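A.B. asks: Sharing a sequence plus its predicted fold:
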Amino acid sequence: MLIVMKPSATAGDVDAVVKLVEAIGLRAHSMPGATRTAIGITGNQGPIDGRRFENLPGVVEVIRVTEPYKLITLDLRPDKTVVRIADATIGGSELAIIAGPCAIENRQQAVAVAECVQRSGARFFRGCIWKPRTSPYTFQGLGDKGWEITAEIRAEFGLKIVTEAVDESNVDLIEKHGDMIQIGARNMQNFSLLKRAGRSKLPVLLKRGMAATLEEWLLAAEYIMAEGNYNVILCERGVRTFAQHTRNTLDLASVPAIRRISHLPVIVDPSHGTGTAYMVTPLARAAVAVGADGLMIEVHNQPELALSDSAQALTLSQYAELVAEVRAIHQFVSSNGPANR
Ligand code: PEP
Ligand code: MN
């Protein structure tokens, strides 16, 4: 159920609705928008009788939600969510670039990449401290030793640190040392991890599961939001298909499809989406052209020596060139009407 308030509703009116929702044992999610506030209700297993809200001051409409989602929808928040991380934004007018090596391997590697990421104007350094690897015999990440390196990168380059939580205990550490929690494809339906991230104050970058439908992906976002964390960024990273020319099939149609349903920002990861460096720039261009709010790009100072995802890592100069190209495309897309934004 969704309660839409009049544009003239006061903070006290909103508060009275929230209190009533809580009094009947449910959770209220108040979403202020440019023109009105809407309040989503979660926690009910069956239908709620919405008539009890109809006569409260400031209420204009009580809508029964028939879709499986309650909080990600444009019905709840018609304006796009802009996730703010200090002075950087995702989902607003700037194109968000999240870039870095697949894994932080050592200080010299991470700093060389971070220097290039900062020079490109990107605001986010993504370097994994823990790696969820398909094989237990491959590099699993530096672990806690990586935090000293990220602290240096944060201080020296002013970049925000994005890293993946592979389990719930990782979230505690990212809250201490990082700026954004990534939940990877393999954990998109790790519900206890989603709930833990939902109780965090940090934004969550939620990657699409490798066989997830749009609905499953959006419901994973609902898990996070239902716990009270509304700063969720969706990341398309491709799904597994019969295609053999790429690591995954990058489903760029998900960008406009999500845009039609949800207010959440959506970014694209053409690195995992293709698995091969020569395809990353062409697919990055396409992602920005279809209206993505940003990109996640893997870049390495010596891709051939990378301890993970070597084949898809761009060199520093390829990365710099990519950013220049996609910024020009973003400029064009943004200044040519809202058709696909
Ligand atoms: C990653 O971002 O490095 C990663 C492991 O990606 P995914 O979860 O999309 O496979
Ligand atoms: Mn990777």
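C.D. replies: Yep, it's here. Residues are numbered from 1 along each chain as shown. Ligands and ions are numbered 1, 2, ... in the order given.
A.B. asks: distance of the closest residue to residue 44 other than its chain neighbours from ligand 2?
C.D. replies: Of all residues not flanking residue 44 in the chain, residue 26 sits nearest, at 5.6 Å (C-beta to C-beta, 6 or more residues apart in numbering). Heads up, the C-betas are built off the backbone N, CA and C, glycines and all. The gap separating residue 26 from ligand 2 is 40 Å, by C-beta to the ion, to the nearest Å.
A.B. asks: list the contacts for residue 299?
C.D. replies: Going by C-beta atoms under 8 Å, 6 or more residues apart in numbering, residue 299 touches 99, 100, 101, 113, 116, 117, 313, 314, 315, 316, 318, 319.
A.B. asks: Please name the residues that touch residue 231.
C.D. replies: Under the criterion of C-beta under 8 Å, 6+ apart, the contact list for residue 231 reads 81, 83, 202, 203, 204.
A.B. asks: Which members of those define the maximum pairwise distance?
C.D. replies: For the contacts of residue 231, with distances taken as C-beta to C-beta, the pair at the greatest spread is 81 and 202 (15.0 Å).
A.B. asks: Neighbour count: the two, which is higher?
C.D. replies: More crowded of residue 81 and residue 202, by other C-beta atoms under 10 Å: residue 81, with 21 against 18.
A.B. asks: mind checking pLDDT for that one?
C.D. replies: On the pLDDT scale, residue 81 is placed at 97.
A.B. asks: likewise residue 290?
C.D. replies: Predicted confidence (pLDDT) for residue 290: 98.
A.B. asks: That one and residue 2, how far apart?
C.D. replies: Distance from residue 290 to residue 2, counting by C-beta to C-beta, to the nearest Å: 29 Å.
A.B. asks: residues contacting whatever residue of the stretch 201-341 of the chain ends up closest to ligand 1?
C.D. replies: Closest approach between the stretch 201-341 of the chain and ligand 1, counting by C-beta to the nearest ligand atom: residue 237, at 3.8 Å. Listed by C-beta under 8 Å, 6+ apart, the contact set of residue 237 reads 185, 207, 208, 210, 248, 250, 268, 269, 272, 273, 296.
A.B. asks: could I get the residues you listed as JSON lines with pLDDT and neighbour count?
C.D. replies: Listed next are the contacts of residue 237 as JSON lines, based on pLDDT from 0 to 100; neighbours: other C-beta atoms under 10 Å:
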{"residue": "185", "pLDDT": "98", "neighbour count": "23"}
{"residue": "207", "pLDDT": "98", "neighbour count": "26"}
{"residue": "208", "pLDDT": "98", "neighbour count": "29"}
{"residue": "210", "pLDDT": "97", "neighbour count": "17"}
{"residue": "248", "pLDDT": "98", "neighbour count": "20"}
{"residue": "250", "pLDDT": "98", "neighbour count": "26"}
{"residue": "268", "pLDDT": "99", "neighbour count": "29"}
{"residue": "269", "pLDDT": "98", "neighbour count": "30"}
{"residue": "272", "pLDDT": "98", "neighbour count": "24"}
{"residue": "273", "pLDDT": "98", "neighbour count": "27"}
{"residue": "296", "pLDDT": "98", "neighbour count": "29"}
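A.B. asks: Shouldn't residue 162 be within a helix?
C.D. replies: No. For residue 162, which was evaluated using DSSP: H, G, I helix; E, B strand; the rest coil, the result is strand, with no helix membership.
A.B. asks: Follow the chain on from the helix or strand harbouring residue 17 and name the next helix or strand.
C.D. replies: Following DSSP states H and E, one finds residue 17 within helix 11-23. The helix or strand immediately downstream of helix 11-23 is strand 27-32, counting by DSSP H and E.
A.B. asks: OK, now which residue of the chain is nearest to ligand 1?
C.D. replies: Per C-beta to the nearest ligand atom, residue 184 is where the chain lies closest to ligand 1, at 2.9 Å.
A.B. asks: Tell me who's in contact with that residue.
C.D. replies: Going by C-beta under 8 Å, 6+ apart, residue 184 touches 132, 164, 166, 207.
A.B. asks: how does it look with 10 Å?
C.D. replies: 128, 130-132, 164-166, 190, 193, 205-210, 235, 237, 272 (C-beta atoms under 10 Å, 6 or more residues apart in numbering).
A.B. asks: Name the SS class of the nearest residue to residue 51 once chain neighbours are set aside, please.
C.D. replies: Of all residues not flanking residue 51 in the chain, residue 62 sits nearest, at 7.4 Å (C-beta to C-beta, 6+ apart). Look at residue 62: counting by three-state DSSP, its state is strand.
A.B. asks: If you tally nearby residues, what's the number for residue 62?
C.D. replies: Residues within reach of residue 62, counting by other C-beta under 10 Å, total 20.
A.B. asks: close enough to count as contact, it and residue 48?
C.D. replies: Yes. Using C-beta atoms under 10 Å, residue 62 is in contact with residue 48, at 9.2 Å.
A.B. asks: Now do the shared contacts for the two.
C.D. replies: Counting by C-beta under 10 Å, 6+ apart, the common neighbours of residue 62 and residue 48 are 1, 41.
A.B. asks: Please report the distance of the residue in the stretch 201-341 of the chain that ligand 2 sits nearest to from residue 137.
C.D. replies: Relative to ligand 2, the nearest point of the stretch 201-341 of the chain is residue 309 (3.7 Å; C-beta to the ion). Shown here: residue 309 relative to residue 137, a distance of 16 Å by C-beta to C-beta.
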